[in-house]
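A.B. asks: coordinates for the following, if possible.
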Amino acid sequence: AMTGGAFGILVGCLALAFAPDLVVACLVFGVVGGAGAGLVHATCLTLPGKWYPERRGGPTGFVASGCAFGAVPFLLTALPGPGSLLERADRPAVLTLTGAAVCLAVAAAGWPLREPPKNWWPPHPDPLVVPADPVARRVREKNPPAVRHYAPEEAARTPVLWLMWLCLLGAAGVTVLDVCLLAPLAREAGLGDSIAHSATTPAVVAGGAGLGAVGALSDRLGRRTTLTAACLVLGTAQFGVLLTGRAGGLPLLVCCAAAAGLAGGAVLVLVTAMAADHFGENHSASAYGLLAGAWLLPVLVGSGTTAAAAGVRDPHGAFLLAGCTGLACAVLALFLKAPGRPDARRIVPNPHPLGEEMA
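C.D. replies: From the prediction side, this is the model:
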């Protein structure tokens, strides 16, 4: 998956560099490059939860931070101005070198990656014994393992999967709206074009920097509690962005945008970890694949000219709707309970764990 994803990214960059017209470039980059990036994203985001099933939140968040940090150079080079990639005469060469570098880096990093054995559990802690340490016991009680490993079709028949899908859909829609409308709102507040376009960069950096900490926090406080708090922050930050944008205060606007970026990325991390908590590790990548469409759908809608133009015409109404959507996702997160577990506080061990000698 990693090798195929690396070559898909390379083909997408080559299409941007040498395609004969814009339609072909967008089609090849969107389909082939997007599929390649999706393979890498899904593989990297679900693999930590399989190797660290007893504390998957922190490793999953740390790996997800790479997605945010990797976007920063491309956001900066796409800013309007004399040094912008869009204005360079050697753009095909730059895109080719970029695609080749990313392809080699992804393929090299993915080559040593391996899946753990099915039903694998690390030798410590023992999944069949309630931990004596109060901290470890609280972690197990907050995020108990799945009662069994659900196949993708079994997971699709549970209502909680589609509640998670709706929660992720709302959070993704709010995050995409921030990326699309933050610059127009900053310009409306009287900020310069370069400052307005660069206002999204701190949000992306903050999202990447805090994802590991949010994931580790969910290991201690519980995935559902942390997800509810992240959705509350995401919704409240939209009202903060709107108020600070009207007041024209750049520092407060950047702070609110950074909080929204962190909360939006945290929702993706927490839903990914929660999918493995609810449906088991054996098919966690497939379960994540069912949920990933909720994150991609707002990107497709938000990138359309009609949707973007509507938001630019009325950014205040769009941010009010986004804030209410974030708060609705927080309410929805309260109902995300693991299937097959009548008592959420009961510790049920991972079924049929394999010991160290089998791993």
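A.B. asks: CA only for contacts and neighbour counts going forward, please
C.D. replies: Fine.
A.B. asks: low-confidence ranges in the stretch 201-350 of the chain?
C.D. replies: 201-203, 206, 245-249, 300-314, 342-350 (pLDDT under 70).
A.B. asks: try 80
C.D. replies: The stretch 201-350 of the chain contains residues with pLDDT under 80 at 201-209, 244-254, 295-316, 340-350.
A.B. asks: show me where it has helices.
C.D. replies: 223-247, 250-279, 284-302, 305-313, 315-333 (DSSP state H, counting those that start in this stretch).
A.B. asks: dump those helices into TSV; add distance to Ala209 and mean neighbour count as well.
C.D. replies: Listed next are the helices of the stretch 201-350 of the chain as TSV, based on distance: least, C-alpha to C-alpha, whole Å; neighbours: other C-alpha atoms under 10 Å:
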stretch	distance to Ala209	mean neighbour count
helix 223-247	15	23
helix 250-279	8	26
helix 284-302	20	19
helix 305-313	28	14
helix 315-333	21	21
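A.B. asks: and for Asp219, the neighbour number?
C.D. replies: The tally of other residues near Asp219 (other C-alpha atoms under 10 Å) stands at 24.
A.B. asks: can you give me the helices in the stretch 51-200 of the chain?
C.D. replies: Using DSSP H, counting those that start in this stretch, helices in the stretch 51-200 of the chain cover 57-77, 91-110, 134-142, 152-156, 159-188, 193-198, 200-221.
A.B. asks: tell me the buried residues in the first one?
C.D. replies: In other words, helix 57-77. In terms of neighbour count (16 or more other C-alpha atoms under 10 Å), helix 57-77 has its buried residues at 57-65, 67-69, 72, 76.
A.B. asks: what's the most distant pair in the residues you listed?
C.D. replies: Gly57 and Leu76 (29.7 Å; C-alpha to C-alpha).
A.B. asks: how about the contacts made by Val269?
C.D. replies: The contact partners of Val269, taken as C-alpha atoms under 8 Å, 6 or more residues apart in numbering, are 57, 60-61, 64, 211, 215.
A.B. asks: also Ala330?
C.D. replies: 227-232.
A.B. asks: pick the one among the residues you listed closest to Arg114.
C.D. replies: Leu227 (28.9 Å).
A.B. asks: surely the closest one is in contact with Val267?
C.D. replies: Yes - Leu227 sits in contact with Val267 when judged by C-alpha atoms under 8 Å, with a separation of 6.2 Å.
A.B. asks: could you pull up the residues touching the most centrally placed residue in the chain?
C.D. replies: By C-alpha atoms, centre = their mean, the chain has its centre lying nearest to Leu268, at 3.7 Å. Contacts for Leu268 were tallied using C-alpha under 8 Å, 6+ apart; they are Leu168.
A.B. asks: next, count neighbours for Ala107.
C.D. replies: With other C-alpha under 10 Å as criterion, Ala107 counts 18.
A.B. asks: ditto for the one 5 residues further on
C.D. replies: Here the neighbour count serves as a burial measure; for Pro112 (other C-alpha under 10 Å) it reads 7.
A.B. asks: contacting residues around the closest residue to Ile9 other than its chain neighbours?
C.D. replies: Among residues not flanking Ile9 along the chain, Gly33 sits closest, at 4.4 Å (C-alpha to C-alpha, 6 or more residues apart in numbering). Contact partners of Gly33, counting by C-alpha under 8 Å, 6+ apart, are 5, 8-13.
A.B. asks: same check, this time on Lys118
C.D. replies: Asn282.
A.B. asks: and it, its phi and psi?
C.D. replies: phi -60, psi 140 (degrees, to the nearest 10).
A.B. asks: can you pull the phi/psi pair for Pro116?
C.D. replies: Dihedral angles (degrees, to the nearest 10) for Pro116: phi -70, psi 160.
A.B. asks: distance of it from Trp51?
C.D. replies: Distance from Pro116 to Trp51, counting by C-alpha to C-alpha, to the nearest Å: 6 Å.
A.B. asks: more neighbours, the two?
C.D. replies: More crowded of Pro116 and Trp51, by other C-alpha under 10 Å: Trp51, with 19 against 16.
A.B. asks: roughly how far apart are the more buried one and Gly61?
C.D. replies: Trp51 is 14 Å from Gly61, by C-alpha to C-alpha.
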